[in-house]
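**Student:** The following comprises the amino acid sequence and a computationally predicted model.
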Amino acid sequence: MKSKKIMNGILVGIMVFSMAGMAFADNLNSKQQIPKTKGVMQNRDQANTEKRKVNVQEQINQLVKDGVITQEQATKWQAFNEEKKTERKTEMEKVKAMTAEERKGNVEEMKNNREDRGNGLEALVKLGIFSQEIADEVAQKMHDMRAVEQEEKFKEHTKKLVEDGIITQSEATKWEEFNEEKKAERKLEMEKVKAMTTEERKLEMEKVKAMTTEERKANFEEKKNNKGEKGDRLAELVKAGVISQDTADKMKSEAQQRPKKPERHERPKKTENE
């Protein structure tokens, strides 16, 4: 029962990210690439990679500390991650050498390769590093750790806004309560998907796969609009009485002053000399 529950959670994630991910891939093909300074992009990518590496390492260490996995399993997992990192680096080098037309065709190929490989934990089970039971427990523990990390980041963000005088402590408290309500709503939506039978989930996945490029784009845009841009989210907070319009304006101003991060899919164009 425990294994079924956790695997249901994984399937929920697959369904959600498949719908957004396929549309994102199509969107990537159709959008004009925005030129960026190559050195800046490489430094940013390297920093993000190092950050993810540290985060995963911390999670693995915590799993050993909690007795979920052994140190031997952790060492094998780390070796597996390094091997996959090398493979990804090789793939990226191939992509860099491709023409724009070749890259378009490569998107579908990479998507199929990801589907063939499955997620990391599935691969670890196939390799005999984890049993299915341990993999399920690891998946749940890592999900819980990410949830705690996100909650801490949110509270740090609201605390900083209070310290900077952008929002009041009362508004910060209301915002945290509002955030908890939204989390409860999302949980209910997840439960609906978890309650689906295997056949129902397969049908939903088939619907997604059967979508045309335009349908996936429309679906992606709808989900993006439902999630809302930053201004829309602030408007929602104002409407709910969490913050005042004056506070929302200050938050917009503060956000505009921060350096804008480039989209993850943006990459520098290759010049004739490269």
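**Tutor:** That came through, no problem. Residues are numbered from 1 along each chain as shown.
**Student:** Average pLDDT for the top helix by length along the chain, rounded please.
**Tutor:** If you go by DSSP state H, the chain has its longest helix at helix 132-163. For helix 132-163, mean pLDDT rounds to 92.
**Student:** how big is the angle separating the helix or strand just after it from helix 132-163?
**Tutor:** Next helix or strand after helix 132-163 toward the C-terminus (DSSP states H and E): helix 169-194. Relative orientation of helix 169-194 and helix 132-163, computed by axes from the mean of the first three to the mean of the last three Cα atoms, to 10 degrees: 160 degrees.
**Student:** sorry, back to before: give me the helices and strands touching the longest helix of the chain, please.
**Tutor:** Helices and strands touching helix 132-163, as assessed by 3 or more Cβ pairs under 8 Å, 6 or more residues apart in numbering; DSSP states H and E, comprise helix 2-30, helix 38-65, helix 120-126, helix 169-194. All C-beta atoms are positioned from the backbone trio N, CA, C, and that covers glycine.
**Student:** lowest-confidence stretch among the ones you listed?
**Tutor:** helix 2-30 (a mean of 47).
**Student:** neighbours of Val107, just the number please.
**Tutor:** Here the count is done by other Cβ atoms under 10 Å, and Val107 has 16 residues near it.
**Student:** For it, give its distance to Glu101.
**Tutor:** 12 Å (Cβ to Cβ, to the nearest Å).
**Student:** do Lys159 as well
**Tutor:** In terms of Cβ to Cβ, Lys159 sits 49 Å off from Glu101.
**Student:** Could you check which of those two has the larger neighbour count?
**Tutor:** Using other Cβ under 10 Å as the criterion, Lys159 and Glu101 rank with Lys159 on top: 12 against 8.
**Student:** Test my guess that the more buried one contacts Thr173.
**Tutor:** No: counting by Cβ atoms under 8 Å, Lys159 does not reach Thr173; the two are 11.2 Å apart.
**Student:** Would you mark the buried spots in stretch 74-90?
**Tutor:** The neighbour-count check on stretch 74-90 (16 or more other Cβ atoms under 10 Å) flags Ala74, Lys76, Trp77, Asn81 as buried.
**Student:** Among these, name the ones in helices.
**Tutor:** Ala74, Lys76, Trp77, Asn81.
**Student:** what about the residue lying closest to Asp66 once chain neighbours are set aside, distance to Val208?
**Tutor:** Nearest non-adjacent residue to Asp66, counting by Cβ to Cβ, 6 or more residues apart in numbering: Lys141, 7.0 Å away. Lys141 sits 29 Å away from Val208, going by Cβ to Cβ.
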